[in-house]
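Novice: Sequence first, then the predicted structure, then my questions.
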Amino acid sequence: MRNIQMSVREKSIVFIGFMGVGKTTIGSLVAQKLYRTFIDIDEEIEKEYQMSISEIFAAHGEQAFREIEKEMIRSFCEQRLKIISLGGGAFMQPEVREICLANCIVFYLDMSWEQWKERLNILIDSRPVLQGKDLDEIEELFYKRQGAYAVNHSTLAVDSKTANEAADYIVDSLKLAWDLYE
């Protein structure tokens, strides 16, 4: 695995967290505020394969999707000045965690189960890993992923923040860190 040497100010920023916590929404706002290119890994995969994530899961299986995802993440994480939103399951792969942590600044967008549960109705049809699962199984998946998400550079609880408030907080935090470390 390559560790690309660049200043902290140039490093790409990666957003992780459970599906539906706002990685894409907040990430795109941060990209606008920092004048950077926003990359949603799932959208990039869909564009390249001209299939939805659900169709890729159905046609090729989760393991093949995870390999595609890992290589796409590697490619973008080695670039400068990007804002990258990962799919909720991507960070479960140890190699993806290593790539992101070595080359980027990783923000974990944390949301409580109670708050997240309110979003389930708008998420369930578009998320293949939720298909056929009952609420207890989804809750188990939610908590199972917390351990991997805990390995990051910065955590932001988003329960009581609007997307814009979260984006402003992240931008302010980054600017402070850049001033301190350079």
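Specialist: Perfect, thanks for sending it. Nothing here was measured: the structure is a model prediction, and the numbers come from that model. Numbers count the residues shown, from 1 in each chain.

Novice: Tell me if I am right that V106 is in a strand.
Specialist: Yes: V106 forms part of a strand when assessed by DSSP: H, G, I helix; E, B strand; the rest coil.

Novice: Could you measure from it over to D134?
Specialist: 31 Å (C-beta to C-beta, to the nearest Å). Using the backbone N, CA and C atoms, a C-beta is placed for each residue, glycine as well.

Novice: ok, these two, which is more surrounded?
Specialist: Applying other C-beta atoms under 10 Å to V106 and D134 shows that V106 carries more neighbours, namely 25 against 8.

Novice: Quick check: the more buried one vs S85, distance?
Specialist: Shown here: V106 relative to S85, a distance of 12 Å by C-beta to C-beta.

Novice: Spell out which residues are contacts of both of these two.
Specialist: Between them, V106 and S85 share these contacting residues under C-beta atoms under 8 Å, 6 or more residues apart in numbering: V14.

Novice: Without its sequence neighbours, what residue ends up closest to L29?
Specialist: With sequence-adjacent residues excluded and distances taken as C-beta to C-beta, 6 or more residues apart in numbering, L29 is closest to A167, at 3.6 Å.

Novice: Verify the contact between the one you found and F38 for me.
Specialist: No: taking C-beta atoms under 8 Å as the definition, A167 is not a contact partner of F38, at 11.3 Å.

Novice: Please, where are all the strands along this structure?
Specialist: For the chain, the strands defined by DSSP state E occupy 12-16, 37-40, 82-85, 104-110, 154-157.

Novice: Would you mind saying which of these lies nearest R145?
Specialist: Ranking the strands of the chain by proximity to R145 (C-beta to C-beta) places strand 12-16 first, at 9.4 Å.

Novice: neighbouring contacts of that closest one?
Specialist: Contacts for strand 12-16 (C-beta under 8 Å, 6+ apart): 23, 26-27, 30, 36, 76-77, 79-86, 90-91, 100, 103-109, 149, 152, 174.
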